[in-house]
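> 3D, please:
(chains A and B)
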Amino acid sequence: MISFRNVDVKFETDKGVVHAVRNVSFTIEKESVFGVIGASGAGKSTLLRTINGLEKLASGEVAVDGNIVNRLSSRQLREHRERIGMIFQHFNLIASRTVAQNIAYPLKIAEKGRAFIETRVDELLKLVDLEDKKHAYPAKLSGGQKQRVGIARALANHTKILLCDEPTSALDSETTRVILQLLRQLSQELGITIVIITHELDVVSAICDKVAVMSEGRLVETGSIYDVFTSPREEYTKKLLDTRYDFSIPEEILEKIRRVNTEQGRYWKIVRLDYIGEGANEPVISRASKRFDTEIDVIHGKIEYIQGKPYGRMYVSVCGERTETEKTLACLAGQVRSIETLYEAS
Amino acid sequence: MSNRFSFVNALRGALLETAYMVSLSLVISIVLGTLLGYCLYATSNRYLMPNRYANSIIGFTVNMVRSMPFIILLVAVLPLSKVVAGTMVGPKAIILPLVISSTAFFSRLSESAFRGVNKGVVEYALSAGANNAQIFFTILLPEAGSTLISAVTVATIALLGSSAMAGTVGGGGVGHFAISYGYERFQTRILLVCIAVLAIIVQVIQFIGDLAARRADKS
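Take a look at the predicted model:
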């Protein structure tokens, strides 16, 4: 378990003191995949580096399995780091060493025997499926292969915690998918705790169990991916997520709805419906339109699955008599998580 | 015939003196310069040994030495050579000023070679539990290898130049030979031969240096 208690980090730069992390407290459970999201400069990287003591705290406490990281002596800190793997956005492989030598590096630092290192390196090469690149130099590898070397190297000392600093931000979407799948598989098979920081919401929704949202050094909110993604409590999170579901109704469509309904003397509204859980699979719209004398048109809709549970967002227009329309909307409101009116007849 | 023979012999002797001065001061100044360069690098890196004051003091000292033209440094340091090497003339006496000058030069070259190493790789090694000595030997030296080899090439050629200047104060070597025969005794042919020999030596050093640097570059 990793726990942060009132963590503050400050550092000096040429432009003065930067207060990178402000009073952050939360815990990361063992064997979970935990995501930290936020814009660049939100303090995510700094927070991640307090776990292995690369960043020093100004105040507060970071504990890993009960050991308080910021109180370790420099020797204890190096031993602590041997037990924690780290991978990076730009891989940070040692260019003057081959793939096998890169993977052997942390084992040499930990002063393991030569025979042990040899068998362990082969095991790891197999684990990340890079046996044919054993003697290649990093310059000859693709981005995905480099990150797989990074992962193998990070796990070499049978590490139980893997810190990932924007692990897929330099990869294309297909490679990202493969790397995320590998991370997920490793967390399940080896029982390791993975902490991922990223600005890519899709990465978090693809593999994390829990998430923390950071902005300007502060922890905005934290919870399970499904809860935070479908029912964000904080304004900042809502805004962050809106970019993901962003959809604006084309002006022509809006104009057409306005014109047709005005000509026919009908009342109308355009609303956005959010479904969660089982509700996303129920025929709420067709039911409502059968019960009331209104027309319901779907303008745009999307259902996705987060942690295997559905989450949907739909844009519909409802038109008819004013009272019937209001009744329809009231009926819909009872069956979806939220309903928000975007446009209505003036 | 005997004249030519004695000339060749004298030139050979001068070359050996130069080789002695250059190689000994090169080895010492590379070791000291690399350590000094590492200190300059490490004291300005917030993950290694951040220390603004130490960095300023070392940097200032290095700049002081580097701001002095070698000929001035030479005459200023020679009295010290009497204490260290026991003499103020000949190749032995020249080694101290050569080492001082070349160490300052090489410290800046190696500092910039270390700065050229991907910071992320240093950060990675720290995250794997490496200590400062391990960072130096297993990351900085090999990763900066190719650049450092080029720096050694530059420093060797600079030392060859400086050692020739030492000829003017009786330091011996090819420089002394060229000055005393070619310049002071107006034997232009000897001067030309010296120039040709020095040119060939520089070309050879550069060629070997470039080859070694290319070999060391894995990127």
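
> Spatially nearest residue to residue 97 (excluding sequence neighbours)?
No chain specified, so I'll use chain A. The shortest distance from A:Arg97 to any non-neighbouring residue, by CB to CB, 6 or more residues apart in numbering or on different chains, is to A:Tyr105 (6.8 Å). No exception for glycine: its C-beta is placed from N, CA and C like everyone else's.

> um, chain B though
B:Val77 (4.2 Å).

> for A:Ala95, phi and psi?
Main-chain torsions, A:Ala95, degrees, to the nearest 10: phi -70, psi -30.

> err, A:Ile276, not the other one
phi -140, psi 160.

> which residues does it bridge with?
A:Ile276 forms beta bridges with A:Tyr311, as assigned by DSSP bridges.

> Report pLDDT for it.
What the model reports as pLDDT for A:Ile276 is 79.

> Chain B versus that one, what's the distance?
Counting by CB to the nearest CB, to the nearest Å, the separation of A:Ile276 from chain B is 39 Å.

> gap between A:Ile249 and B:Gly172?
90 Å (CB to CB, to the nearest Å).

> moving C-terminal of the lengthiest helix in chain B, what's the next helix or strand?
If you go by DSSP state H, chain B has its longest helix at helix B:2-43. For helix B:2-43, the succeeding helix or strand toward the C-terminus, using DSSP states H and E, is helix B:52-67.

> what does that following helix contact?
Residues outside helix B:52-67 that contact it (CB atoms under 8 Å, 6 or more residues apart in numbering or on different chains) are B:36, B:39-40, B:43-44, B:73, B:100-101, B:103-105, B:107-108.

> Now do that helix: distance to the chain's middle.
18 Å (CA atoms, centre = their mean, to the nearest Å).

> what helices or strands is the very next helix or strand once past it leaning on?
Next along the chain after helix B:52-67, taking DSSP H and E as the criterion, comes helix B:70-84. Applying 3 or more CB pairs under 8 Å, 6 or more residues apart in numbering or on different chains; DSSP states H and E, one finds that helix B:70-84 contacts helix B:90-115, helix B:145-165.

> Just name the most buried of those helices.
Most buried of the helices and strands packed on helix B:70-84, by mean neighbour count (mean count of other CB atoms under 10 Å in any protein chain shown): helix B:90-115, with a mean of 23.

> Can you name every helix or strand that that one contacts?
Helix B:90-115 sits against helix B:2-43, helix B:52-67, helix B:70-84, helix B:145-165, with contacts defined as 3+ CB pairs under 8 Å, 6+ apart.

> Save those helices as TSV, and put in mean pLDDT too.
Output for the helices and strands packed on helix B:90-115, formatted as TSV (pLDDT from 0 to 100):
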stretch	mean pLDDT
helix B:2-43	89
helix B:52-67	95
helix B:70-84	87
helix B:145-165	93
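
> Let me have these in TSV, extended by distance to A:Ile84.
Compiled in TSV, the helices and strands packed on helix B:90-115 are given as follows (distance: least, CB to CB, whole Å):
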stretch	distance to A:Ile84
helix B:2-43	23
helix B:52-67	30
helix B:70-84	50
helix B:145-165	29
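
> Of those helices, which stretch is the most buried?
With neighbours taken as mean count of other CB under 10 Å, those reach their highest mean count in helix B:145-165, at a mean of 21.

> and the next element down the chain from it?
Next along from helix B:145-165, by DSSP H and E: helix B:173-177.

> which residues are in contact with that next one?
B:10-11, B:14-15, B:17-18, B:21, B:91, B:94, B:163-168, B:170, B:190, B:194, B:197-198.

> Would you mind writing the CA trace of it as CSV?
What follows is helix B:173-177, C-alpha atoms only, in CSV (Å, rounded to 0.1, in the frame of the first residue of the first chain):
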residue,chain,number,x,y,z
GLY,B,173,60.7,19.1,-27.3
VAL,B,174,59.9,19.9,-30.9
GLY,B,175,58.9,23.4,-30.1
HIS,B,176,62.3,24.1,-28.6
PHE,B,177,64.0,22.4,-31.5
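
> Tell me if I am right that A:Gly301 is in a strand.
Yes - counting by DSSP: H, G, I helix; E, B strand; the rest coil, A:Gly301 is part of a strand.

> Contact partners for it?
Counting by CB under 8 Å, 6+ apart, A:Gly301 touches A:Gly312, A:Arg313, A:Met314, A:Tyr315.

> Show me the beta-bridge partners of it.
For A:Gly301, the beta-bridge partners are A:Met314 (DSSP bridges).

> ok, which residues in chain B are in contact with chain A?
B:46-47, B:118, B:120-121, B:123-131, B:134, B:138-139, B:142-143, B:145, B:216, B:218-219 (CB under 8 Å from any CB of the partner chain).

> and these, which of them are in helices?
Those of the residues of chain B next to chain A mapping onto helices are B:Gly120, B:Val121, B:Glu123, B:Tyr124, B:Ala125, B:Leu126, B:Ser127, B:Gln134, B:Pro142, B:Glu143, B:Gly145, B:Ala216, per DSSP H.
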